[in-house]
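Enquirer: Fold the following, please.
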Amino acid sequence: MTVISTIEQLEAIYGFPNDASTVKVADRVTPAYRVLIETSPFAALATCGPEGLDCSPRGDLAGFVRIHDETTLMMPDRRGNNRVDSLRNVVRDPRVALLFLIPGSGTTLRVNGRAYLSADPGLLASFAMDGKAPRTVIVMKIEELYFQCARAIVRSDLWNPDKRVDPRTLPTPGEILAGMSDSTVGGEKYDREWPERAAQTLW
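Expert: Just a heads-up that it's a prediction; the model follows:
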């Protein structure tokens with residue numbers, strides 16, 4: 001197996017990016033990038049910490065990541081499983097990245113920067129949904145952002161409804177939990193109760 005271990009080896013294989021790959025990089029939210037952020041209902045949040053890297057799905061109503069100013073993004077931390085892996089990482093290492101997806105569009109947006117957590121009561125209240133405020137808000141200072149070409153979305157045919165997988169062919173969360181816990185956690189009851197539990201705890 002040939003291992004690529006130097007930048008020179010890598011560049012010998014891939015060459016160098018063209019102008020379209022570099023001129024798109026900004027250090028602040030441009031008018032066009034504002035539209036992408038405000039239209040997106042989903043982003044993957046990448047963080048790093050002493051234990052390694054983590055990538056967490058984040059979703060809410062379109063525009064859930066607030067543009068505070070041209071170099072600052074704010075994202076509420078909505079209800080979850082309380083593992084707070086991403087938040088633990090941000091507290092110890094501020095480096096973060098976001099990948100925004102927009103249903104139906106091949107264009108994605110990548111944002112890299114540094115973040116901190118805020119528990120300011122006024123800020124939390126401003127993100128309230130159904131009368132429920134998040135417990136923290138991730139405040140991200142942008143270092144660079146740029147759109148990603150659509151090849152990955154096109155190759156995956158991600159938004160094609162004819163390519164949707166039948167959920168009945170996949171293991172359920174309850175089945176996975178039961179299998180990992182000798183049936184002490186999860187099971188059919190977990191799956192049966194989850195839709196109502198999720199509906200009551202979205203925010």
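
Enquirer: so K189 is in which element?
Expert: helix 188-200 (DSSP states H and E).

Enquirer: Pull the residues that contact that helix.
Expert: T172, P173, G174, E175, L177, A178 (C-beta atoms under 8 Å, 6 or more residues apart in numbering). All C-beta atoms are positioned from the backbone trio N, CA, C, and that covers glycine.

Enquirer: How about the contacts made by V23?
Expert: With C-beta under 8 Å, 6+ apart, V23 has no contacts at all.

Enquirer: State the phi and psi torsions of it.
Expert: The phi/psi pair for V23 (degrees, to the nearest 10) reads phi -70, psi -20.

Enquirer: now it: how far from F147?
Expert: Separation of V23 from F147 (C-beta to C-beta, to the nearest Å): 11 Å.

Enquirer: same thing with R79?
Expert: When R79 is compared with F147 (using C-beta to C-beta), they lie 30 Å apart.

Enquirer: which residues does the residue nearest the centre of the chain bridge with?
Expert: Centroid-nearest residue in the chain: A44, 1.5 Å away (criterion: C-alpha atoms, centre = their mean). For A44, the beta-bridge partners under DSSP bridges are P57, L99.

Enquirer: helix/strand/coil for S21?
Expert: Three-state call for S21 (DSSP: H, G, I helix; E, B strand; the rest coil): helix.

Enquirer: State the pLDDT value of it.
Expert: You'll see S21 listed with a pLDDT of 89.

Enquirer: what does R79 give?
Expert: If you check R79, the pLDDT there is 89.

Enquirer: ok, now S156?
Expert: 96.

Enquirer: Could I get the phi/psi values of it?
Expert: phi -80, psi -20.

Enquirer: again, but for the one 10 residues further on
Expert: Dihedral pair for D166: phi -70, psi 120, per degrees, to the nearest 10.

Enquirer: neighbours of it, just the number please.
Expert: 6 (other C-beta atoms under 10 Å).

Enquirer: One more: I176?
Expert: When neighbours are counted by other C-beta under 10 Å, I176 comes out with 14.

Enquirer: Ok, the one 5 residues further on next?
Expert: Here the count is done by other C-beta under 10 Å, and S181 has 11 residues near it.

Enquirer: Okay, it and L202: tell me how far apart.
Expert: Applying C-beta to C-beta to S181 and L202 gives a distance of 26 Å.

Enquirer: just V139 next, same as before
Expert: 22 Å.

Enquirer: which one of the two has more residues nearby?
Expert: Higher neighbour count among V139 and L202: V139, with 19 against 11, using other C-beta under 10 Å.

Enquirer: Check the gap between that one and L87 for me.
Expert: Using C-beta to C-beta, V139 is found at 12 Å from L87.

Enquirer: So for those two, which residues contact both of them?
Expert: L117.

Enquirer: Counting neighbours, which bits of the helix holding K189 end up buried?
Expert: Y190 (16 or more other C-beta atoms under 10 Å).
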